[in-house]
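Novice: structure here, sequence nowhere to be found:
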Ligand code: ADP
Ligand code: F6P
């Protein structure tokens, strides 16, 4: 366990993320409850922080005043306030209307507004100040993701004693795309405040290093050299230093996920789900945040064509699509939600029967137990993003399948494809290719399913999230001198 000092002195390990691991939900009668926050960042980091004492600085998911620091799910949480306007400009605007589409291959058109950027700078400063107030002398502060790219530099200015690490959960785009960002130099400068930068894939780290070179910085084997001069117009003098950038593919708590799949009540629930679906021969499953990067419409198109061609025929074959509501006030998300609803409605109109829809669409968050039962019930898991930093759903499916059955159809544009080559790898834009993979996966012999699943499980169990965190933090602790690393178990 790393040491946590008392609250006056701050913590030795501080995670700074846009969101806390719990989300504040206010009911119509005004009562507030805390629910797990959506997304892969929280799924991955929560078990790491539960095992290591430390603090987590983040937003509650609701506009308004921040509550006092509190303990939840075994973690010390320090809320940061976002006003309604901050939510519109920093979160929905700059983070999810500009950076998210830009960093995901411009699948949707990014919008750049100067007032969004100004809000991004202000809110990043607020996160940096909160982290600075709550960090012990020489603490390791671990900043997360694209919403907080300026925090490393701001934190270094406030607290030069800290060791600062940053992990980007989403892709870092090729320079030709990154260069569109009007504030590209400020973003690079912000990130370079860290001692250690982590990315999902080697290609992401290389894209970042190339962006540095294109902005006049020298790089050498994963190191960016910052000369001892004012940089990018800053009047301050900085001594020379080096920033390290490398790939650290994130993962899941494989044991914890697998334990759910072993539970008799969850196995019974999986059998019950199949009964509720009408005992089909083939259950296809999609589990995603409702995000245009996830390729849900491409997946639906492939399935619809298979139904039309009677290659798969409801009610013998059904698709279950569970989609967590996400960012639904951002225009592109609203549009996508409508498109999914129309498509699901059309497929059910054409191929459903009374009491037997062809597509079961749940626009809901499910608890971990229900998700595990769905993974066990599914013959074919469809993970078809157009671009995804990692995709933890693919790893969760594999970890849950202790029976070594089931098949994974996985986009080659998800970071997870590098680690799971035994999946049926597809290009989601190639609808015929997706259809062919679904048909092969649905008809897989139990023997071949075991061969593939066993290899994928081995990888996911060996490179789990504890290993990811300990590898990253060990490297981060050694990147900055001097001091006592916070050990992660
Ligand atoms: P992202 O971070 O873009 O949302 P990931 O696949 O990496 O994508 O992580 C998604 C996480 O959210 C996973 O841990 C998954 O179990 C969880 N999740 C996805 N859909 C749902 C849902 N409908 N209900 C509950 N959890 C979900
Ligand atoms: O990296 C995945 C991620 O984008 C996180 O940064 C984010 O917290 C999560 O998915 C969910 O998105 P949001 O916080 O916008 O609901």
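Specialist: Received the coordinates, thanks. Just so it is clear, the model here is predicted, and its values are computed rather than measured. Ligands and ions are numbered 1, 2, ... in the order given.

Novice: closest point of the stretch 101-250 of the chain to ligand 1, which residue?
Specialist: residue 169 (6.6 Å; Cβ to the nearest ligand atom). C-betas here are computed from N, CA, C, even on glycine.

Novice: and the residue in the chain that ligand 1 sits nearest to, what does it touch?
Specialist: Taking Cβ to the nearest ligand atom as the measure, the chain has residue 40 as its residue closest to ligand 1, at 2.5 Å. By Cβ atoms under 8 Å, 6 or more residues apart in numbering, the residues touching residue 40 are 169, 250, 389, 390, 391, 392.

Novice: for ligand 2, what are the nearby residues on this protein?
Specialist: Contacts of the chain with ligand 2, taken as Cβ under 6 Å from any ligand atom, map to 18, 19, 38, 39, 40, 41, 145, 169, 170, 326, 327, 389.

Novice: so which of these comes closest to residue 341?
Specialist: Using Cβ to Cβ, residue 326 comes nearest to residue 341 of the residues of the chain next to ligand 2, at 14.7 Å.

Novice: tell me which parts of this structure are close to ligand 1?
Specialist: Neighbours of ligand 1 within the chain, by Cβ under 6 Å from any ligand atom: 38-40, 43, 287-289, 322, 324, 365-366, 371, 390-393, 396.

Novice: show me where the stretch 251-400 of the chain has its strands.
Specialist: Along the stretch 251-400 of the chain, counting by DSSP state E, counting those that start in this stretch, strands occupy 282-289, 317-324, 359-362, 380-383.

Novice: which of those strands sits most buried?
Specialist: Ranked by mean neighbour count under mean count of other Cβ atoms under 10 Å, the strands of the stretch 251-400 of the chain are led by strand 380-383, which reaches a mean of 29.

Novice: and the residue in the stretch 51-200 of the chain that ligand 2 sits nearest to, its phi and psi?
Specialist: The stretch 51-200 of the chain approaches ligand 2 most closely through residue 169 (3.3 Å), counting by Cβ to the nearest ligand atom. Main-chain torsions, residue 169, degrees, to the nearest 10: phi -80, psi -20.

Novice: would you reformat the residues of the chain next to ligand 2 as CSV and include pLDDT?
Specialist: Shown next, in CSV, are the residues of the chain next to ligand 2 (pLDDT from 0 to 100):
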residue, pLDDT
18, 98
19, 97
38, 91
39, 93
40, 93
41, 93
145, 98
169, 98
170, 98
326, 97
327, 97
389, 98
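
Novice: thinking again about what came up before, among the contacts of residue 40, name the buried ones.
Specialist: Among these, those classed as buried by 16 or more other Cβ atoms under 10 Å are 169, 250, 389, 390, 391, 392.

Novice: out of these, which sit inside helices?
Specialist: Filtering the buried ones among the contacts of residue 40 for membership in helices, criterion DSSP state H, returns residue 392.

Novice: which secondary structure elements does the helix or strand encompassing residue 211 contact?
Specialist: Residue 211 is part of helix 202-214, with elements assigned from DSSP states H and E. Applying 3 or more Cβ pairs under 8 Å, 6 or more residues apart in numbering; DSSP states H and E, one finds that helix 202-214 contacts helix 175-178, helix 184-191, strand 196-199, strand 218-220, strand 241-247.

Novice: from the chain's centroid, how far away is that helix?
Specialist: 20 Å (Cα atoms, centre = their mean, to the nearest Å).

Novice: contact partners of that helix?
Specialist: By Cβ under 8 Å, 6+ apart, the list of residues contacting helix 202-214 from outside reads 168, 171-175, 178-179, 184, 188, 191-192, 197, 199, 219, 222, 224, 245-247, 389.

Novice: that one: which residues count as buried?
Specialist: 204, 205, 206, 207, 208, 209, 210, 211, 212.

Novice: got it, and stretch 132-148?
Specialist: 132, 134-136, 138-148.

Novice: looking at those residues, which are in helices?
Specialist: Per DSSP H, the subset of the buried residues of stretch 132-148 in helices is residue 132.

Novice: returning to what we had before: next, the angle from the helix holding residue 211 to strand 241-247.
Specialist: Going by axes from the mean of the first three to the mean of the last three Cα atoms, to 10 degrees, helix 202-214 is angled at 150 degrees with respect to strand 241-247.

Novice: average pLDDT for helix 202-214?
Specialist: Regarding helix 202-214, the rounded mean pLDDT is 98.

Novice: picking up where we left off before, can you tell which of the helices and strands packed on helix 202-214 is closest to residue 425?
Specialist: Comparing the helices and strands packed on helix 202-214 by Cβ to Cβ, strand 241-247 comes nearest, at 19.3 Å.

Novice: neighbouring strands - and their directions - for that closest one?
Specialist: Paired with strand 241-247 in the same sheet, following DSSP bridges, are strand 196-199 (parallel), strand 223-226 (antiparallel).

Novice: who's in contact with it?
Specialist: Around strand 241-247, the neighbours that count as contacts under Cβ under 8 Å, 6+ apart are 192, 194-202, 204-205, 208-209, 222-226, 475, 479.

Novice: are any of those residues buried, and if so which?
Specialist: Buried, going by 16+ other Cβ under 10 Å: 192, 194-201, 204-205, 208-209, 222, 224, 226, 475, 479, out of those.

Novice: could you measure from residue 335 over to residue 297?
Specialist: Plainly put, residue 335 is 11 Å away from residue 297 if you go by Cβ to Cβ, to the nearest Å.
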